[in-house]
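K.L.:
Sharing a model prediction with you, sequence too.
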Amino acid sequence: MAQPPILSLEGIGLQQGGRWLFGGPESDGLDLHIGPRDRLALIGRNGAGKTTLFRLINDQIEADRGNRKVKPGTRIVVLEQEPDYTPYETLMDFALDGEHPPAEHEVEAIAGQLGIDMATPTKGASGGEKRRAAIARALAQDPDLLLMDEPTNHLDLAAIDWLEAWLDRYKGAFVVISHDRTFLKRLTRATIWLDRGILRRKDVGFGGYDAWEEQVYAEEARAAERLDAKLKLEAHWLERGVTARRKRNQGRLEKLWQMRAQRAAMINPTGSAKLGLSVDEENKSKSVIVADKVYKSFGTGENERKIIRDFSLRIQRGDRIGIVGSNGAGKTTLLKLLTGEMEPDEGSVTIAKSLTGVMIDQQRALLTPDKTVRDVLAEGGDWIDVRGIRKHVQGYLKEFLFDPGLVDTKVGTMSGGERSRLLLAREFARKSNLLVLDEPTNDLDLETLDLLQEVIADYEGTVLIVSHDRDFLDKTVTLTLGLDGSGFVDIVAGGYEDWEKKRTERNKAAKSKPAKESGTPPPPPAPQSASKSTKLSYKDQRDYELLPERIEKLEAAIQRGEEILSDPALYTSDPQKFADITKGLENARAEKDAAEERWLEIAEMVEG
């Protein structure tokens, strides 16, 4: 039996700027019910009202009509996209000033796991340090309902993995706005979609969202045809052309797979790119950047740290290179070496004289708030030169999903996502044959990410991308350079998933071989068996040995169930099957949580 909601919005209507953002007079209003263990993805275009909906849920603003009901005692906490750190001297001062102020030791416990020093002054803190502090502040408040606005922005892969693991164990409910498709697919079990003032809900995780979206738009198109309406559906439908988009995306991915296959043939089994005599003359003529036995370190003596060691790579015209690794692993250093901004300590980096680069950095520092969109794109005029082709500025705005009427809007009044999209529009117009993207997906909505993928696919030059967005890398790059912090750079044909797979296989191989044979240090000794380290009851001993296998089986069953539920037609075609699988998933998740807690309890006894 379903539990009653901990929060409900019923018949909500809200006016903003003289128009109804939600639930106008002719509408029944917006409804939302959040259960105690809901894992909800909130989807919608920039400007649709997602952040405003968060404020309504958190009672930060009052609706013009409708009701908000909250179960007594429910603690709601918001992880904001851009909190204000200016009133606080240190990150700890910021963390202790939450709506439900947490204890300092609770903040420190989470901060320690995230690797952040909370004594860091807010003025000198990096984007990643501030984001970790905001996460520590939110989680330490022990929320019953957690509202997260772009939680993975500025986080490295290790921090994202930690946050995913924490949320997987979390006993409360959460609603998340995120452009990180991998994050959404792994964690969410239902999707709420805010579209043109209407809030729809589908009890499938984000993995089933694309199919659901296309189904809704296709039904709208059929309804318009039946009514013989000559009115166009919004640009949201017709400009994107859902069916056409799917064909374009499929064609783009097929081309990407072909490019990866070609690139794989140029990489040795050891993971280093072939250089010298192993590269034919045709490939040499296509080379734009050649790194040969590059070493780079910082510090001296005992404090010396090797950032890059023995790195060789030949980058060719048209390559799409992804650079991944944890913060501090050396991604920025490698990028600077490849673009000639930094010299190596040993080895060489040769850059083609014809290479003309454009860099889009994560700070978006190139946009001045008092300038208009027209100023930014066309220097105040009506026309813009797009890589040698003259286009009207308003027509070019439409290509980047802007309303042409925004041409005289000031940059300072635009959202973070709109500013990021404007920067992309400006930089992609410039003539270049090297595009450098540093965390390009921050602040972008899902549709702009789709557009960015298409623009990169059509770009005729070479692309270097530093990103923590796993799904984005999987859909754009032909070659991944993975840094592990030791100075070694893994070169893998494919995207993030290919790199992760290779890294996992290599770690397994290293553990299965003697140290001398594998060339890697031996793994740490396995912990003593439970029977040797401490006396356990027969049941404890059996649970300690058998529960890991049971947990694996439950995880596999949960994954199979979620895949079945991702079919958007299942609910209407076979509601009983949908209900049975939903119930089975609920039971499996509860059993898995209990099994994990039981095993950890015994493991603590063993280690103690």
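P.N.:
Yep, that arrived. Owing to the predicted nature of the structure, the values given are computational and were not obtained by experimental measurement.
K.L.:
Residues in contact with stretch 117-137: which ones?
P.N.:
Applying C-beta atoms under 8 Å, 6 or more residues apart in numbering, the set of residues contacting stretch 117-137 from outside is 79-80, 83, 85-86, 88-96, 98, 102, 107-108, 110-111, 114-116, 151, 153-156, 159, 163, 327, 362. Any C-beta I mention is one placed from the backbone N, CA and C, and that applies to glycine too.
K.L.:
Out of those, name the ones that lie in strands.
P.N.:
L79 (DSSP state E).
K.L.:
Only the buried subset of the contacts of stretch 117-137, as a PyMOL command please.
P.N.:
Listed next is the PyMOL selection for buried residues among these, using 16 or more other C-beta atoms under 10 Å:
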select buried, resi 79+83+85+88+90+91+92+93+94+95+96+98+102+107+108+110+111+114+115+116+151+153+154+155+156+159+163+327+362
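K.L.:
From D484, how far off is the closest residue to T409 other than its chain neighbours?
P.N.:
Nearest residue to T409, sequence neighbours excluded (C-beta to C-beta, 6 or more residues apart in numbering): V373, at 5.4 Å. When distance is defined by C-beta to C-beta, to the nearest Å, V373 is 42 Å away from D484.
K.L.:
More neighbours: those two, which one.
P.N.:
For the pair V373 and D484, the greater number of neighbours falls to V373 (24 against 13), based on other C-beta atoms under 10 Å.
K.L.:
how is the protein carved up into domains?
P.N.:
Per automatic domain parsing, the structural domains of the chain span 262-505, 530-607.
K.L.:
Among the ones you listed, show me which one is buried the most.
P.N.:
domain 262-505 (a mean of 17; mean count of other C-beta atoms under 10 Å).
K.L.:
how long is that one from one end to the other?
P.N.:
The first residue of domain 262-505 is 22 Å away from its last residue (C-alpha to C-alpha, to the nearest Å).
K.L.:
quick check: mean pLDDT across it?
P.N.:
For domain 262-505, the mean pLDDT works out to 83.
K.L.:
Any idea how far that domain is from the middle of the chain?
P.N.:
Taking C-alpha atoms, centre = their mean, to the nearest Å, one finds domain 262-505 lying 17 Å from the centre of the chain it belongs to.
K.L.:
where along the stretch 301-450 of the chain do the strands fall?
P.N.:
Ranges of strands in the stretch 301-450 of the chain, per DSSP state E, counting those that start in this stretch, are 305-316, 320-324, 346-351, 357-360, 383-386, 389-392, 434-438.
K.L.:
what do you get for the stretch 451-600 of the chain?
P.N.:
In the stretch 451-600 of the chain, the segments counted as strands under DSSP E, counting those that start in this stretch are 462-466, 479-483, 489-493.
K.L.:
Run through who's touching the first one.
P.N.:
With contact meaning C-beta under 8 Å, 6+ apart, strand 462-466 is reached by 288-289, 315-324, 331-332, 335, 338-339, 355, 433-440, 456, 473, 476-477.
K.L.:
Just give the strands next to it in its sheet, each with its orientation.
P.N.:
Sheet neighbours of strand 462-466, with direction, are listed as strand 320-324 (parallel), strand 434-438 (parallel) (DSSP bridges).
K.L.:
Put the alpha carbons of it into PDB.
P.N.:
The C-alpha trace of strand 462-466 is given here as PDB (Å, rounded to 0.1, in the frame of the first residue of the first chain):
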ATOM      1  CA  THR A 462      39.600  19.300 -33.600                       C
ATOM      2  CA  VAL A 463      37.900  19.500 -30.200                       C
ATOM      3  CA  LEU A 464      39.400  19.200 -26.700                       C
ATOM      4  CA  ILE A 465      36.900  18.700 -23.900                       C
ATOM      5  CA  VAL A 466      37.500  18.800 -20.100                       C
END
